[in-house]
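Novice: When you get a sec, could you give me coordinates for this:
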Amino acid sequence: MTFLLLFDGIFNASNFHVETLLYTSCEQYLEVRGIGVRCTIVVTTEKIPGYKVVEVKGIARGGVVRATHLGRDIIAGFRNLVGGEVKEYTEMMAEAREIALQRMIKNAEEMGANAVIGMRFMTSNVGSRMAEVYAFGTAVVVERE
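Specialist: The predicted structure is shown next:
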């Protein structure tokens, strides 16, 4: 039996939550959630177990540039003095990854894809106080084998 790991996420500026759930198919996920929308499968692998690629649509991409702000920098500076994780930046980057991922999925769906394979994240600095997070992969149409 093949299992898909799908992320059911709720995101807004003040609340970030991702719940990891196991389902046997994208269709089961939609049925359990009572959702009448498309389910785009996103994997980091080149193949999706139980599915075959029938059409390659192109490169799906989504990105965001996030800037730090003074309040977050001050708190991070104090944390830097004592060492350890800088939770303010960890949260900011998690939010940025989620935004980039959702934009990549939207781009893939606009191309007519129902899956993204080979998905990757890339990060880089833009200026001294900004970071870009970029999500990309191959947008494809898949069918059950």
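
Novice: helices or strands up against the longest strand along the chain?
Specialist: Longest strand in the chain, counting residues (DSSP state E): strand 51-67. Helices and strands touching strand 51-67, by 3 or more C-beta pairs under 8 Å, 6 or more residues apart in numbering; DSSP states H and E, are helix 87-110, strand 115-125, strand 130-144. (Each C-beta comes from the backbone N, C-alpha and C, glycine too.)

Novice: Alpha carbons only: can I get the first one in CSV?
Specialist: Yep, that's helix 87-110 we're talking about. Extracted C-alpha coordinates of helix 87-110, given in CSV (Å, rounded to 0.1, in the frame of the first residue of the first chain):
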residue,chain,number,x,y,z
LYS,A,87,13.3,31.6,17.2
GLU,A,88,12.2,34.9,15.7
TYR,A,89,14.2,34.2,12.5
THR,A,90,13.3,30.5,12.5
GLU,A,91,9.6,31.5,12.5
MET,A,92,10.2,34.1,9.8
MET,A,93,11.9,31.6,7.5
ALA,A,94,9.2,29.0,8.1
GLU,A,95,6.6,31.5,7.1
ALA,A,96,8.6,32.4,4.0
ARG,A,97,9.0,28.8,3.0
GLU,A,98,5.2,28.2,3.3
ILE,A,99,4.5,31.3,1.2
ALA,A,100,7.0,30.3,-1.5
LEU,A,101,5.6,26.7,-1.5
GLN,A,102,2.0,28.0,-1.9
ARG,A,103,3.1,30.3,-4.8
MET,A,104,4.9,27.4,-6.5
ILE,A,105,1.8,25.2,-6.2
LYS,A,106,-0.4,28.1,-7.6
ASN,A,107,2.0,28.5,-10.5
ALA,A,108,1.9,24.7,-11.2
GLU,A,109,-1.9,24.7,-11.2
GLU,A,110,-2.0,27.7,-13.5
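
Novice: What average pLDDT does that helix get?
Specialist: Mean pLDDT, helix 87-110: 88.
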